[in-house]
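In: Give me a 3D structure for the following:
(chains A, B, C and D, ligands or ions: 2)
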Amino acid sequence: MTADMYREYILQHYRSPRNYGRLENPDIVHEDDNPLCGDQVHIEVALDDQDRVADIRFQGKGCAISQASTSILTDKVKGKTLEEIKALTKDDVFQWLRIPISPMRVKCAVLGLMVLQAGIHHYEARRGR
Amino acid sequence: MTADMYREYILQHYRSPRNYGRLENPDIVHEDDNPLCGDQVHIEVALDDQDRVADIRFQGKGCAISQASTSILTDKVKGKTLEEIKALTKDDVFQWLRIPISPMRVKCAVLGLMVLQAGIHHYEARRGR
Amino acid sequence: MRGMPVDIEAVRRDFPILARQVHGKRLVYLDNAATTQKPAAVIEALDRYYRNYNANVHRSVHKLAEEATLAYESARQEVARFLNAARPEEVVFTSGTTEALNLVAYAWGRANVRAGDAIVYTDIEHHSNLVPWQLLAEAVGAEIRVVEVDPEAGLDLDRLEAVLDERVRLVTLPHISNVLGLELPVAEVARRAHQVGAVVVVDAAQSAPQQPIDVQALGCDFLALSGHKLYGPTGIGVLWGRYELLAAMPPFLGGGEMIRRVGLTRSTFADPPARFEAGTPKIAGAIGLGAAVEYLEGLGMDRVAAHDRALAAQAHEALLEVPGVTVYGPPPDRRAGLVAFSLDDIHAHDLASLVDTEGVAIRAGHHCCMPLHDRLGVPATARASFAVYNGPDDIEALVRAVHAARKVFNR
Amino acid sequence: MRGMPVDIEAVRRDFPILARQVHGKRLVYLDNAATTQKPAAVIEALDRYYRNYNANVHRSVHKLAEEATLAYESARQEVARFLNAARPEEVVFTSGTTEALNLVAYAWGRANVRAGDAIVYTDIEHHSNLVPWQLLAEAVGAEIRVVEVDPEAGLDLDRLEAVLDERVRLVTLPHISNVLGLELPVAEVARRAHQVGAVVVVDAAQSAPQQPIDVQALGCDFLALSGHKLYGPTGIGVLWGRYELLAAMPPFLGGGEMIRRVGLTRSTFADPPARFEAGTPKIAGAIGLGAAVEYLEGLGMDRVAAHDRALAAQAHEALLEVPGVTVYGPPPDRRAGLVAFSLDDIHAHDLASLVDTEGVAIRAGHHCCMPLHDRLGVPATARASFAVYNGPDDIEALVRAVHAARKVFNR
Ligand SMILES: Cc1ncc(COP(=O)(O)O)c(C=O)c1O
Ligand SMILES: Cc1ncc(COP(=O)(O)O)c(C=O)c1O
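Out: Residues are numbered from 1 along each chain as shown, chains lettered A, B, ... in the order given. Ligands and ions are numbered 1, 2, ... in the order given. Here you go, the predicted model:
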């Protein structure tokens, strides 16, 4: 049932997102939107010297699913290496969310991950990898 | 039944068309084809001084229905005025043919009439009517 | 007869899908502006075609081809009558409104619009009546002039006059906005556009299912509609065009059927409508659309119009009573059969997902009207749109579901 | 399994239309190259869609829209598998082969072919693979080069080489000729065309229903097919294109769905395949085509190919035994599943009308190949074309009917 998508903790992430805002000196900055519904996510990442996520912030607008899942994502990837993040899939996001994502909302749920991974690709391309 | 379209007298008109050939000094000359099946009809008409069909000839290539119906047409319009010919309809052709024309063959059956009527229109336009 | 309302219970029995449940609830289908459901008459017409007389049309002489051709051409006649076209040859079957509008933009547009000419449209267009003209304008170097429409008051004809001059080759507008439920004064627009020699294109995707269409009374030059929004199949639509205009237009798609004579390097083309129906036509689609139009004429388009508008007005008023709801578009008494709205700062997708759990199907998004949503200042709205099988119970279900959604977000 | 022939009786039970009679006779449907009949699996897939989950796709979040979207996208995946496409996004749904070829001619062609460039096609093309390129050549000032194909021996690759140089931007050809039943060596053509940097377009309207298609093995760049010839619904077709080419192409039709961001005067566009599917898609059509492809895969395309070719060879030989018959195209052992022929100087339409009275449906005409018929020196031919539900009894019926027609004309 779709109503299960709107569990209390999802709405809490939506209302009071974790890691909201910007960073002083981010290594990675990327943003994109989901043109279907207009959801927007902007992500900034600071890396430590081993290319692990030292800090991460995001800002965004959009539906509860896209914003809550990005909020959860930012918590989950802290301390992870870029390689580990690139290996994440939709299924990882679904597991973190612990709610049934209806097919038409998948793009909302994974928007944050897509933006983060695209940001990493741009970062690596810039660094000539 | 479509086989009825191929009655003996239809095939006779097809094999030995009436009024086949050309005229010495035609007043009206027109030809056209049915692009669907490639049927062609060329008609020439000589008028008397009261704008009646004094003589008519045709040549053509194509299916039995188009050629036979044009052959019959040329017989039927002799002595008719241009006004009378312009008033002829598909139904007149069907009556002369005395066979059931299947809907997909209507264009074949009326090709001769269409060419003759178009020829009259061009003729009248040329004479400034 | 004409004065009597639509018998909703009888109509509902005509639509097989309404028997189904969604999430264990009765299906309350209020996404009719996106696509309508199909009466059994249409579904069975398709079935009959495929089970009994499927064949390619026009070009074969055998029995099945004969039956298919007659059915296809009689569908054209039915649509012509439905639109009050001067002749059936003015009805070109396309795959939908979108292809119909693109056909005009490519075939008429590329031949008639030149660098420095101007194209006029409104700021409430559906993307399908926006992008084709943008592509045309870019290809030929034409200018685009946009007429602002007030979401509530409608089109001010003075604003139209302000952009009309002899450089304007084409004016296009929606008959009914798919977001605002606003009807535009097409006949008046056509009269004024014709004074500067412009051609008038009407996007009737939303109006054709909702009210009687008389192309001659509207006085427009082209009109586009979609079968799937008109209780007919997907993949079929209509471009109606004035015959003289169609006859003067170069072809659009090249292929079988639209030719007169094909040579290895040059070809000549058939008369309309064949000229614009390249390739094997959408045979079943056209036959299904013919059945849909017949079904609607059985109900009477006047009654359909009254029905849809009454429901929309009622929905508009009922939604306004839900705290936090904003409704977009004209007041209830001037509203066509749809209502777009938003609820507090709940995203429209969340709202639509939540009401879906109650069996209520509404649409959420920009409804292919991004520029209008930019103007309204919201990225997305929710939209309930009405059809002949909807009734007051559907509106009650909608309002209940919206209340419930509000509770979820405010708990 | 693979080695076993098609079980004709079992297959016939899958096709409801075969139960019907024509002029009191069993329907012998041999007009399959024009359009095939549909198995119950396809008709029922359409029916299920309209009765249970009809909704617009992609843009709504409610339950029906979810079901419709999943079904629509899984049809894309099935077609991608059927063609061995590298990815489903290479499959663009169109209204048929004709629209698919025009899409390439407009979107790819207008962006990539310039004045002085050359386009290569054969002299056996269907009008749908001729007129779009003629319109393109005229619009941009390109040159057309025609490769002659020998009706019996086929395409001589040296003749192709003779017209290939760096000015050639595009080479297009039919995979199987709809008149000659001749297969062209697409992979070889593609290899040579690619050596001069040309893009290769394959008209697979006739081959897709008749043999396994592997776009990667063919090595072509675009491939077009029609659903209605592939046991699927009318009004649906496919353009397959290599992803990099599709991704680099500007849009064709403008409208909903194909956009990324729409402004009042400028817009940006979605990635393929959405970029090329403007407006509400042919939803039921795609779902029906998916069901058709599934049905064919159940039979096995290798077996379908063996079946159709065996019948065509048999028909070819049987027809040659009728006095006065001329058959066009390659010998029986190299013939794909269709036979075009003429009988004495009886016009093909008369022949088709007469065999129709025996319940035998064949096609007569130029089969949208006027230039080829000019070359063959006949205005029209009769054509029998075969499908999985045809059997030797159908060929017997055809030959009997042709004999009878001969008698009518010779009496
Ligand atoms: C070889 C060939 N190409 C193209 C077409 C055009 O297909 P459609 O009419 O379905 O667009 C056909 C069939 O008519 C064909 O046989
Ligand atoms: C006003 C309007 N115009 C055009 C369209 C496009 O119609 P289609 O998607 O059927 O081509 C729609 C519906 O989507 C519409 O509501």
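In: Tell me where the model's unsure across the stretch 201-350 of chain C.
Out: Counting by pLDDT under 70, the stretch 201-350 of chain C contains no low-confidence segment.
In: Let me see the ranges of the strands in it.
Out: Secondary structure of the stretch 201-350 of chain C (DSSP state E, counting those that start in this stretch): strands at C:222-226, C:237-241, C:259-262, C:267-269, C:325-328, C:338-343.
In: Grab the CA positions of the fifth one and hand them over as CSV.
Out: Looking back up the chat, that one is strand C:325-328. Extracted in CSV, the C-alpha atoms of strand C:325-328 (Å, rounded to 0.1, in the frame of the first residue of the first chain):
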residue,chain,number,x,y,z
VAL,C,325,-6.3,24.0,-0.6
THR,C,326,-5.6,26.5,-3.4
VAL,C,327,-7.5,26.0,-6.7
TYR,C,328,-6.2,27.4,-9.9
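In: still on that earlier bit, export the strands of the stretch 201-350 of chain C to JSON lines and tack on mean neighbour count?
Out: Quick note: C-beta positions are derived from backbone N, CA and C, even for glycine. Below are the strands of the stretch 201-350 of chain C laid out as JSON lines (neighbours: other Cβ atoms under 10 Å in any protein chain shown):
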{"stretch": "strand C:222-226", "mean neighbour count": "29"}
{"stretch": "strand C:237-241", "mean neighbour count": "30"}
{"stretch": "strand C:259-262", "mean neighbour count": "19"}
{"stretch": "strand C:267-269", "mean neighbour count": "17"}
{"stretch": "strand C:325-328", "mean neighbour count": "18"}
{"stretch": "strand C:338-343", "mean neighbour count": "27"}
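In: wait, which of these is closest to ligand 1?
Out: Nearest of these to ligand 1, taken as Cβ to the nearest ligand atom: strand C:259-262 at 12.2 Å.
In: what's near enough to touch residue 52?
Out: As the question left the chain open, I've gone with chain A. Neighbour list for A:R52: A:79-82 [criterion: Cβ atoms under 8 Å, 6 or more residues apart in numbering or on different chains].
In: that's the wrong chain, I wanted chain C
Out: For C:N52, the contact set (Cβ under 8 Å, 6+ apart) comprises C:67, D:17, D:20.
In: Drop the exposed ones from these and show what's left.
Out: C:67, D:17 (16 or more other Cβ atoms under 10 Å in any protein chain shown).
In: Which ones among the contacts of C:N52 lie within strands?
Out: If you go by DSSP state E, the contacts of C:N52 have nothing in strands.
In: Just the ones of the contacts of C:N52 in helices?
Out: Counted as lying in helices by DSSP state H, out of the contacts of C:N52, are C:E67.
In: and which of the contacts of C:N52 is nearest to chain A?
Out: D:I17 (35.4 Å; Cβ to the nearest Cβ).
In: didn't the closest one look like it was pressed against D:L27?
Out: Yes. Counting by Cβ atoms under 8 Å, D:I17 touches D:L27, with 7.0 Å between them.
In: OK, contacts around C:R406?
Out: By Cβ under 8 Å, 6+ apart, the residues touching C:R406 are C:322-324, C:343-344, C:346.
In: could you say which helix or strand contains it?
Out: helix C:392-410 (DSSP states H and E).
In: give me the residue from the stretch 201-350 of chain C nearest chain B.
Out: Using Cβ to the nearest Cβ, the single residue of the stretch 201-350 of chain C nearest to chain B is C:R260, 5.0 Å away.
In: Isn't that residue up against C:T268?
Out: Yes. With contacts counted by Cβ under 8 Å, C:R260 reaches C:T268, the gap being 4.5 Å.
In: element containing the spatially most central residue of chain A?
Out: For chain A, A:G112 is the residue whose C-alpha lies nearest the centre (Cα atoms, centre = their mean; 2.8 Å). A:G112 is part of helix A:106-126 when elements are defined by DSSP H and E.
In: Who are the packing partners of that helix?
Out: strand A:28-34, strand A:39-47, helix A:64-77, helix A:82-86, helix A:90-97 (3 or more Cβ pairs under 8 Å, 6 or more residues apart in numbering or on different chains; DSSP states H and E).
In: rewinding a little: for the residue nearest to the centre of chain A, which non-adjacent residue is spatially closest?
Out: Once flanking residues are discounted, A:G112 sits nearest to A:T70: 3.0 Å by Cβ to Cβ, 6 or more residues apart in numbering or on different chains.
In: Great, nothing more from me.
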